[in-house]
Structure formats: C-alpha cells, structure tokens
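Chemist: What shape does this take:
(chains A and B)
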Amino acid sequence: NAGVTQTPKFQVLKTGQSMTLQCAQDMNHNSMYWYRQDPGMGLRLIYYSASEGTTDKGEVPNGYNVSRLNKREFSLRLESAAPSQTSVYFCASSDVHQETQYFGPGTRLLVL
Amino acid sequence: GDSVTQMEGPVTLSEEAFLTINCTYTATGYPSLFWYVQYPGEGLQLLLKATKADDKGSNKGFEATYRKETTSFHLEKGSVQVSDSAVYFCALSAFGNQFYFGTGTSLTVIP
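Modeler: Next up, the predicted model:
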C-alpha cells in the first residue's frame, strides 16, 4: 500500500517548455487534488477532481491543465512553463467523506 | 469566503517547553478542522482533526479543541521534543470538495 505517489521528484525546465506531473493513489479514493506550495503562501489549490471524469478549478488554475485518467491517476500539465511556476507541487487524495487528505511526497519544479 | 489564519513563525523552543500555535478560521456552515504536519522534504501528514464544536482532536501528545464561539483551533503540546521540529498547517474543510490551509508555522526545537 504505497498511498499517494508522485513523479518526478525534481524537475528543471526552461521557460516555454511543457511537462506533465503524474500522481497515483491506491486507496480507492474518489477525490484528488493538486496544490502548489510557495514560501509564505501555504498551500494553494490548483485543480481538484471530485470523482473520475470530473475536474474543477481551484484558487490558482491559470497556466495549468489536469486530466483524471481513471480513479487512481490525476495528472497536472504545464503547457508553457513560466518562472512564476517554480514551486513545490503536491498531489493529494481524500476519502468519500472528504474528511482527511493524504498527500504525496511532492515534486520540486524549477523553471529557468 | 472560507479561510484559515495561523500565527506567523518561525517558532523556536527548547526541548520540554510548552507549545501553542494559534489558528482561527472563517467559514460558512460547520467546517471540519485539521492540523497537518510537514517534516523536511516530505508531504503533509494529518496530525489531528475535529469535526464538530467542542470536539478535541489529539495525537502524539498534541491537542486542539474546536471552539465555535471564538472560531479557533489552537494546537498545543505540553512538552515538545526535537523530533517535533516541522512545519504545522491548520486547515478546514466545509461542504464541497475544497480544503483551505493556513500559511504554515515552522517549529524548531533545540536540545
């Protein structure tokens, strides 16, 4: 039982490049989330998916797209990376009652 | 909208000192309240939670009581250890699928 896994752990991009952050959970959770963590800002929600086949914008969705591939997997795509997207990205999932979130280890992204 | 405000850090304490990290919230409805902890280089982990007014969440010696009258959920521990050094996040979840996190409070415990 791995919980929530994220790949890659660390990535360096040049401005304008694209990439996809992968997330998977093995807890049979319906809801999945993508956050970014920046110093002094706490965690800010980018997108979430309440169930397979649905996605909704969070607080800071601009510059990102998501795909809920199936119940296990929720990917985050940066189509044209910008230095302002340098951050630590966390994926999380929650149970049917949305009472507790379980987080992955994070992806550290540096955009030059 | 819903939000969480927690005390600014960083906080530095000596081992065995008493810890309080303040957290207040604004929410419509009746939220559930959480404390998460983040150790260096890791993701957040649930530390404790409370789902209704006057509930007390507790875990690993940490406690927090859901106070509706003061809209607060302060985290306390009677005697901190070096291993408690981490960043602590207060959070709430109201109806819907969104969680709201505070900005985090960094705690360093020195021997």
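
Chemist: Skip the chain neighbours and tell me the closest residue to A:Gly40.
Modeler: Closest residue in space to A:Gly40, ignoring its immediate chain neighbours: B:Thr103 at 6.2 Å, by CB to CB, 6 or more residues apart in numbering or on different chains. C-beta: built from backbone N, CA, C; applies to glycine.

Chemist: Tell me how far the one you found lies from B:Lys52.
Modeler: Look at B:Thr103 and B:Lys52: by CB to CB, to the nearest Å, they are 25 Å apart.

Chemist: cool, A:Gln85 as well?
Modeler: 39 Å.

Chemist: Show me what from chain A comes close to chain B.
Modeler: By CB under 8 Å from any CB of the partner chain, the residues of chain A that approach chain B are A:4, A:31, A:33, A:35, A:40-43, A:45, A:48, A:50, A:56, A:58, A:90, A:92, A:94, A:98-106.

Chemist: Next one: residue 107, what pLDDT does it get?
Modeler: Since no chain was named, I'll use chain A. pLDDT, A:Thr107: 96.

Chemist: meant chain B, my bad for not saying
Modeler: B:Leu107 is assigned 96 on the pLDDT scale.

Chemist: Specify which residue of B:Thr103 and B:Lys52 has the higher count of neighbours.
Modeler: The neighbour comparison of B:Thr103 against B:Lys52 (other CB atoms under 10 Å in any protein chain shown) goes to B:Thr103, with 19 against 11.

Chemist: dump the residue contacts of the residue most central in space within chain A.
Modeler: Chain A has A:Trp34 as the residue nearest its centroid, 3.0 Å off, counting by CA atoms, centre = their mean. Shown in contact with A:Trp34 (CB atoms under 8 Å, 6 or more residues apart in numbering or on different chains): A:21, A:23, A:45-48, A:58, A:64, A:66, A:74, A:76, A:89-91.
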